[in-house]
Every structure is written in structure tokens, then in C-alpha cells.
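A.B. asks: I would like the atomic coordinates for the input below:
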Amino acid sequence: MQDSQSAFKKEDPLGMDAMSSEEYASQSKLLQEFTNVPSIESAWLFKTNNEDRSRAMFSISQPDLLANKKRKYILHSHIVTHGTMPLECHWSPFPIEMTGVSAVVPSPSGSKLLVVRNGEKGSRTTLQIVNQSHVEKEIHVDQSIHGPLYTDEWFHGISWNHEETFIAYIAEQTPRPKPAFDDAGYRKGGSSEEDCNSWRGQGDWEEDWGETYSRKGRPSLFVLDIASGEVRAARGVPKSISAGQVVWAPPSSSGHQKLLVFVGCGSESVPASVATNLTPSISSALFPRFSKDGKLLVFLSSKCAVDSGAHNATDSLHRINWPSDWKADEQLSVTDVVPVVMCPQDGCFPGLYCSAMLSDPWLSDHCTMVLTSAWRSTEVMLSIDVLSGEVTRISPQDSDYSWSTLAISGNNVLSVLTYVSLLTVLVSSSPIDPPQIRYGRRASTEDHDGRCAWVWDEVTSPLTAASNKVKALLSHHKLSILRIPVPDPSDELSDGGRLQFEAIFVSCEDSSQKPTVLILHGGPHSASVSSYSKSSAFLASLGFNLLIVNYRGTLGYGEEALQSLPGKVGSQDVQDCLAALDHVIEEGLVDASRVAVVGISHGGFLTTHLIGQAPERFAVAAARNPVCNLSLMIGTTDIPDWCYAVACGTEARRLASESPSLDHLRIFHQKSPIAHISKVKAPLLMLLGGADLRVPMSNGLQYARALRERGGEVKTIMFPEDTHEIDIQRREKEERGKTGFVVRFEAELVVPGPCPDSPRTPLSLRTVCGISNCWAKSLHKEVCKKVNGYLIYEIREEALVFNKKRKATLIPKNIVCDPLSLTYKPDPRMKFVVENAMSMIDAVNQVVSLNMFTTSMDTVAIMNVAPMQL
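C.D. replies: Numbering: from 1, shown residues only. Have a look, this model is predicted:
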């Protein structure tokens, strides 16, 4: 009994042998090195009385795997500039943890701070007003007034008024009361929650906003009076209108009006006496921002996306000249500032692609704003003169790194990878380089184009420092952005659809001798920019080349290129991915026999398409919440219109229906990966979120079952509480670690495919449970040679030996290594048996040296190989 219990305890939960489990544990520790690097969530810059000094406040986060959540911290610094002398940055000695904090928002003057703590599981929300020395006010908002505040990127809007006496914000409306029942039936008067003689029913089903917004369906506008502590809902706005992105309008000249501008979603009209639609001529308006002098209201528009049905597209920028004493019935004209760019010329501005906007994006001239936008495969910083419409790229033109704006004060910018005399804080990064903070100042000189020059100082920061181990592993990797010609350009394509697309290539030393991971983004209308990714850096640290493809349809290349994809998914995007892979192979940059493919969402759609349409090209695949069957997804997703948009193109809006016809379902199936499932050869790792509303887990499970039914090799890992992103901290680490582990050891193998001059499978080795260190799978693409009239197969031994690199060995045709070798009895048809070899290499050498075959049809069994000590 004791022995059996001991054996049970030693069983690995992931089904690995001892050596595999040890290697997985080692990789998990390495992944923790990347996880420990904190992320910068946001930053603020504040002026001081000294022009050479400014204060910065950073909001940072770090995963806490034990608590299974993100920890949030605040860290302060003082930045000192001395003309042309190097910048000095003085950091507070330790960050301060913001336990339970949902959001922090400084006041316009920087003298006060709003701290929001959303209640959990129905508890009340806490709002704190903090000054520079103490908590000035604390307000507890009961659930009877409103639910949690929205702190996401879309509905989020917390705005101080100019005088810092009121705060407007977006919060969930109080849920409708549930019906009450007791032993006698329905209680007309209801009951309290504490009444033990009654219970609450479910009531009518209420629709929410879908993925990541489960049970959030009624974002509404509220105002806090700081002096009295009173919280009120904005009067007159219908409850059917979902409000978001609220900002205070500047004070009127009379000083009596207090106006709010917000984005509203809903079909119900709002009485003119309550609110005025400022943009009736445009189908979309986002991120309203007033200039510092109050004379301009600027906003982005996603009109192209709304009008075409695409779920993301090229943005445009617009302006309203704001009167000093606006009348409620006064209609204001909208001026186009930056129009949609359809087909950019090479190297020129490709259009606006902004997923967010700073609450204060303005420079000191009141008419220039700074935005972060996708520019092909990079993120760049743009300055835009909203009066003239002039767009200038202020991040370095010669950099393949991505730059993102964190904060602006006056003419200074704080960024991730930046430098300037206008205070701007930036962050710069590449897929494998942790972000670097830069302080930008607008210089008095001009560049060679006659534009105002920017100077970027590096900020020495404790925030983004990677460990020495990580630095050493990534020190020899290189980043390049490759231009890929469009495969077989058709005359039917627009000019933009025929433009070259790009792929980000992160290469190891001796890249042609290393395995490669093809990484595919979702969307499809999103982008993989050259910014830091912990998962990409982790894969690179394992010794992989990374080929990150921005196929046509990606943001950042102009509207025509983007709109070339709808209606052609499963074909055009698949061909683009193969063209990118062919490009690096033809250039001699990668080994064609060792390629893995990894994708998320639509990237998972492409992953499963590729292993079906090009089964001989990939050794292994990993897909996270993939779209595998559009005809199944249409009835289960929270975005059924997306299925029509990607499958039907320009006809999508006309054809879209909640009850798709048989013809529609046929189109969906034809464009889905499941249509090619019979051709799949590569093993597949499937990672699914059980709470995913975007691509419900049934989509991936159906594909996995169908693949297994056909004898395919598939492993499925389910994360029951995770949504589409799989971003709960523990699950995220397991997902990244498992993907890296499977891809690393499977991609070492020769790619499956037909062997020339051979009528049947020449070699079939599986991951051997009884032999600790022998890792292999169906190897069908050996280099065939004829020696003394016999067919010989040349195979890299690294494909056979666990984590061991050795020179190539000649192996005869039919060698069988049985997974149950400890109890295996040789088939009488096998002519030769090699037993008790010291290693797999020793066994192979015995076969070769003894010339243990007489005809090409002979088979050799290799049994009881001793474990190899690494």
C-alpha cells in the first residue's frame, strides 16, 4: 500500500515523465523572471515652481500569483534638467502599494488625488479625496445609488472640473430589483435581503456589453459634489443610453453653466432640453478632449469601422470650435482635422490608429496634441496641429522600436522610449527589450525638414530592469522589420491591397540553425507592433527565432489594405503568413524543417488554418481561444456581426442576421479551419477560457474532438474562470509556460510530411514514456539517400534526444521505439532487436555500425534505453 501511495504522489499532473517535468519546472522558473518585471500602467507629470524641475507619478502593476491578482503600486520621482547637461531623476526609495484600488486620478492642479475602491460582491464603493498630507474626504457610495465605477479603456471617464469642486464619472446603474417570493407565492411589496421568510427570484434577463463586461450593461453618468459628499445621477439622460468617456466643458463666460460632454451609445433619443448631440453628421465619436484654453473640442472618429462593419479601422480626427457661452439648442459645426488615409505612399503617414488618448494630450500652445498611433509595425508618437491639420512624427524616424506617450506637461513629454523640451514622458521598447522611460523636451531648433526638433533623455528607472539572467539570454537576439511582397497580387485588389506588408523578425545567433515560432495576432483588424511582450521575450529566451506577421488587414497600413481582407479570411491572410515564412526561408534566415505556429483568437483561426492548409510546413501548433468554426460561432458569440464582417466583406451589413440562412452557414464553414481538419498532421495545443464570450470554448472543443476523432494529436487545457484573454494571473503564467514548453520540444523535430521515394511511413517514434529523454514524433520528411542499394534516412539527432544537440546520424528505414518498452515483447516480424542500450544515441549507433538490415523492408526494435543524464 505504501509503495502504491508513493507512486501516486510521484505521478505528474501534466502527464510528463520525470525529466520532462523537471525541464518544465526549470522553464517555469525562467518565466517567473519575466513575470517579475513590473508593468507601467500610467503616469502623470506635474509642474513645480522651478522650471528646471518637475514631478512624476507612476502607476505600476505586478502579478501576485499567490493571491491570483495584480498588485498595484504608486512610485514618485523628481526630474531635474540642467540645460544641455544630463537629466537627473530622483526616485522615492520604495513604491507604495495601493491595496484594493481600482483607479487613481489627480486633479488638474496636481494638488489632490481621487482614489477609487470599487466594492466587491455587492459591497459599497469608496471614493477618497487625498491632498498632499492626508485624506481630505472619504465618501461611501451604497449600491442603492450605483454599482462599481468603470475603469476600462472604453467606458472609463473620471473628470475633475476646473475648480476642483466636482468630479464626474461613469458607474454601473443600480440593478433592477429581483422579484420576491415566500411560501404564499409572489410578494407584491418585495422584501429585504435579510428577510429569512422569503427569497429572490431571477427576474427578466438583462443584456450586458459582452466579453469582459459580464453583468455590466448600463454604464451611467454620475457627479460627486466634493464639499457635501453627495453623489447624484445626471438628470434626464435615459437609462437606455450607455454613457462613457465623460469630460467637463470649460466654464462659460457667465460662470453659471456647468456642462458635461460624454460619449453615448443607444438607440433612444435624448430630449434636447437635457442633452444635445454634438456630432449628428458622424456615425462615431470617441475620446472628447477640450484644449487647455477651452476654445477647441477635439475628438476621434471610428466612422470607417462603423460604416464598413469592420470591428476596427482607420481613425479620423475632428474639431469643434467651442463658444464661450454655448446655448443648449445651438448646433456647432464639425471640422475635419486629420482625414482617413486610404493608400499611404511609402514611408509616409499611414493614418491614425489610436486605441486610447491621454486625458491631457496638449502642449502649451493650446493647439498641438500628442498621440500614440500604429505606424506599420511600430507604435510612434505624433504631434498634431489641430488648426492646420499638420501631422508630425516626433519619435525617432530611424528606430524600429515602439514609442508610447505616458504623460505631458507644458512642452515636456514622458514616454516609453522618448526625449524632448516639452515635458513628455514616453516608454520605448521592442518585443524582447523591457520598456525604457524617456523624457522629451521640445527644442528651440528645427530639424532638417524645418520642423521643431525634439530631444529625448533616457530616464534611469528601477521600474523596468530585467534580471541579469534574462539580459544574458536575450543579449544576442536582433530585431528587424521585414518587408514582404504580396503573394500573387490580383487586379481586383485596390492599390493599398497590393502594398507590401511586414513581419517583425526576432532572430537568435545562428538563426538558420534554430527553430522558429510563427506568431499571429488576432482581430483580424489589430496589429503586432514592436513593443515589449513578456510572452514573446520568454519564447526568445528559450532559443527561438520569432516571426511575427502583420498580414494585410492589420492596422497601420492605410484603409485600403485593411479593407482588402474582409470576405477573404482563410485565404488571403493564410497566404500572407506563408509568404512571410517563405521569405525568411529563402533568405536563409531560418530552418524550414523546424517551424511552430502560435496564435490567439483570429490568430488561432490562422494557426488552425495553416496546419490544415499547409500540413507539411509546421512541426507543432498552439492556439489560444481560436476561431475554428464560424458556422458554430455565429450562434454563440457576443459579436455575431463580426462573423458576417470577416466572411462576407462589403455585403456583411446587408446580409447580417440573427438567423443565418443555410447559404450563410455554408460560407462560414468554407472559410473556417474545420473545413481542412482532415489534412492536419502537426500536434496541437489548445488553450481555452471557460468564461470566454467572444469565442466560446465550444468552438475550440468541437475542433479538438474532431481532430482526435481522426487520429490527430491534440492536448486541451481549460481555464474555467478565464475570459478571451486568459489574463487571470495564475492561468496566464500556466498558459505562457505550457505554450513555451510544448513549442520548444516539439519544434525541435523534423516537420511531418511525405518522404520521397517511399511508399509508406519510414519512421514512427512517439514521445516515449518508458524512455526518459527520447523525444520524437511522426518524422516523415527525412533526407533520403541510397547506400549500397538500400534506402537510408538522415535525421538530426536533436530530433531524437531530449534537449541534446549532436551531429547527424544515418539511420535505416524502419526503426521502431515502443512507448511501453519495459513490458514490450518484440513482434515476430521484427528481424532485429537492440536492447539495454546506454542511450538512444548508443542504440542508433549499434544499428548503423552493425548494418542490421538486409532489405529495405526490415524493421529494428529499440528497447529499454537507459535514461540520459543531462
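A.B. asks: Share the number of residues neighbouring Arg235, please.
C.D. replies: By the measure other Cβ atoms under 10 Å, the count of residues near Arg235 is 8. Just so you know, the C-beta spots here come from the backbone N, C-alpha and C atoms, and that holds for glycine as well.
A.B. asks: isn't it right next to Leu260, touching?
C.D. replies: No - in this structure, Arg235 is not within contact of Leu260 by Cβ atoms under 8 Å, at 11.2 Å.
A.B. asks: does Tyr703 really touch Pro626, like I thought?
C.D. replies: Yes - taking contacts as Cβ under 8 Å, Tyr703 lies within contact range of Pro626: 7.4 Å.
A.B. asks: what touches both of the two?
C.D. replies: The contact sets of Tyr703 and Pro626 overlap at Thr608, Pro673, Met686 (Cβ atoms under 8 Å, 6 or more residues apart in numbering).
A.B. asks: Spatially, what comes nearest to the first one if we skip its sequence neighbours?
C.D. replies: Put plainly, it is Thr608. Leaving aside its chain neighbours, Thr608 sits nearest to Pro673 (3.6 Å; criterion: Cβ to Cβ, 6 or more residues apart in numbering).
A.B. asks: Show me where the stretch 301-450 of the chain has its helices.
C.D. replies: Listed in chain order, the helices of the stretch 301-450 of the chain (DSSP state H, counting those that start in this stretch) span residues 303-308.
A.B. asks: what residue ranges in it score low on pLDDT?
C.D. replies: Counting by pLDDT under 70, the stretch 301-450 of the chain contains low-confidence residues at 416-428, 445-450.
A.B. asks: Figure out how far stretch 369-382 is from the centre of its chain.
C.D. replies: 17 Å (Cα atoms, centre = their mean, to the nearest Å).
A.B. asks: thinking again about what came up before, in JSON lines: the shared contacts of Tyr703 and Pro626, plus pLDDT and distance to Trp209.
C.D. replies: Converted to JSON lines, the shared contacts of Tyr703 and Pro626 look like this (pLDDT from 0 to 100; distance: Cβ to Cβ, whole Å):
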{"residue": "Thr608", "pLDDT": "98", "distance to Trp209": "28"}
{"residue": "Pro673", "pLDDT": "98", "distance to Trp209": "28"}
{"residue": "Met686", "pLDDT": "91", "distance to Trp209": "27"}
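A.B. asks: And this protein, split by domain according to the record?
C.D. replies: Here the domain parsing of the chain from automatic domain parsing is 39-99+343-349+368-385+397-465, 473-629+672-746, 764-863.
A.B. asks: what would these look like in TSV with distance to Val298?
C.D. replies: TSV is the format used below for those (distance: least, Cβ to Cβ, whole Å):
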stretch	distance to Val298
domain 39-99+343-349+368-385+397-465	7
domain 473-629+672-746	21
domain 764-863	56
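A.B. asks: Quick check: which of those domains is buried the most?
C.D. replies: domain 473-629+672-746 (a mean of 21; mean count of other Cβ atoms under 10 Å).
A.B. asks: Any stretches of the protein with poor pLDDT?
C.D. replies: Along the chain, segments meeting pLDDT under 70 span 1-23, 84-85, 183-197, 255-256, 267-273, 416-428, 445-450, 464, 728-870.
A.B. asks: hang on, the earlier thing: right, and the residue nearest to Thr608 touches Ala623 too?
C.D. replies: No - the criterion here is Cβ under 8 Å, and Pro673 misses it with Ala623 at 9.0 Å.
A.B. asks: For these two, list the residues in contact with both.
C.D. replies: Shared contacts of Pro673 and Ala623, defined by Cβ under 8 Å, 6+ apart, are found at Thr608.
A.B. asks: Now do the end-to-end distance for stretch 594-604.
C.D. replies: For stretch 594-604, the first-to-last residue distance is 19 Å (Cα to Cα, to the nearest Å).
A.B. asks: for that stretch, the distance to its chain's centre please.
C.D. replies: On Cα atoms, centre = their mean, the centre of stretch 594-604 falls 13 Å from that of its chain.
A.B. asks: and if you look at stretch 143-151?
C.D. replies: With Cα atoms, centre = their mean, you get 28 Å for stretch 143-151.
A.B. asks: would you put the C-alpha positions of it in PDB?
C.D. replies: The C-alpha trace of stretch 143-151 is given here as PDB (Å, rounded to 0.1, in the frame of the first residue of the first chain):
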ATOM      1  CA  GLN A 143     -25.200  50.000  -4.000                       C
ATOM      2  CA  SER A 144     -28.600  51.700  -4.000                       C
ATOM      3  CA  ILE A 145     -27.000  54.700  -5.700                       C
ATOM      4  CA  HIS A 146     -24.800  52.900  -8.200                       C
ATOM      5  CA  GLY A 147     -22.500  49.900  -8.700                       C
ATOM      6  CA  PRO A 148     -18.800  49.800  -9.500                       C
ATOM      7  CA  LEU A 149     -17.100  52.600 -11.400                       C
ATOM      8  CA  TYR A 150     -16.000  51.800 -14.900                       C
ATOM      9  CA  THR A 151     -12.200  51.900 -15.100                       C
END
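A.B. asks: show me where the stretch 601-750 of the chain has strands.
C.D. replies: Secondary structure of the stretch 601-750 of the chain, counting by DSSP state E, counting those that start in this stretch: strands at 620-624, 684-689, 714-719.
A.B. asks: Mind giving me the packing neighbours of the last one?
C.D. replies: Okay, so that is strand 714-719. Strand 714-719 sits against strand 684-689, helix 697-709, helix 729-746, with contacts defined as 3 or more Cβ pairs under 8 Å, 6 or more residues apart in numbering; DSSP states H and E.
A.B. asks: again, only using 6 Å
C.D. replies: strand 684-689, helix 697-709 (3 or more Cβ pairs under 6 Å, 6 or more residues apart in numbering; DSSP states H and E).
A.B. asks: Can you add distance to Ala453 and give these back as a markdown table?
C.D. replies: Formatted as a markdown table, the helices and strands packed on strand 714-719 follow (distance: least, Cβ to Cβ, whole Å):
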| stretch | distance to Ala453 |
| --- | --- |
| strand 684-689 | 47 |
| helix 697-709 | 51 |
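A.B. asks: Touching stretch 592-607 from outside, list them.
C.D. replies: 515-524, 573, 577, 585, 610, 618-627, 743, 747, 750-751 (Cβ atoms under 6 Å, 6 or more residues apart in numbering).
A.B. asks: so how far is it from its chain's centroid?
C.D. replies: Mean-position distance between stretch 592-607 and its chain equals 15 Å (Cα atoms, centre = their mean).
A.B. asks: Also stretch 355-373?
C.D. replies: Per Cα atoms, centre = their mean, the centroid offset for stretch 355-373 relative to its chain is 24 Å.
A.B. asks: Convert the C-alpha atoms of that stretch to CSV, please.
C.D. replies: Extracted C-alpha coordinates of stretch 355-373, given in CSV (Å, rounded to 0.1, in the frame of the first residue of the first chain):
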residue,chain,number,x,y,z
SER,A,355,-6.7,52.8,-29.1
ALA,A,356,-6.6,55.4,-26.3
MET,A,357,-5.9,59.1,-25.7
LEU,A,358,-4.3,60.8,-22.7
SER,A,359,-6.8,62.8,-20.6
ASP,A,360,-4.5,65.8,-21.2
PRO,A,361,-2.7,65.4,-24.6
TRP,A,362,-2.0,69.1,-25.1
LEU,A,363,1.2,71.0,-25.5
SER,A,364,1.5,74.5,-24.1
ASP,A,365,0.4,76.3,-27.3
HIS,A,366,-3.2,75.0,-26.8
CYS,A,367,-3.5,73.8,-30.4
THR,A,368,-1.0,70.9,-30.6
MET,A,369,-1.8,67.5,-29.2
VAL,A,370,0.4,64.4,-28.9
LEU,A,371,-1.0,61.0,-29.7
THR,A,372,0.3,57.4,-29.8
SER,A,373,-0.6,55.6,-33.1
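A.B. asks: I am finished for the moment; much appreciated.
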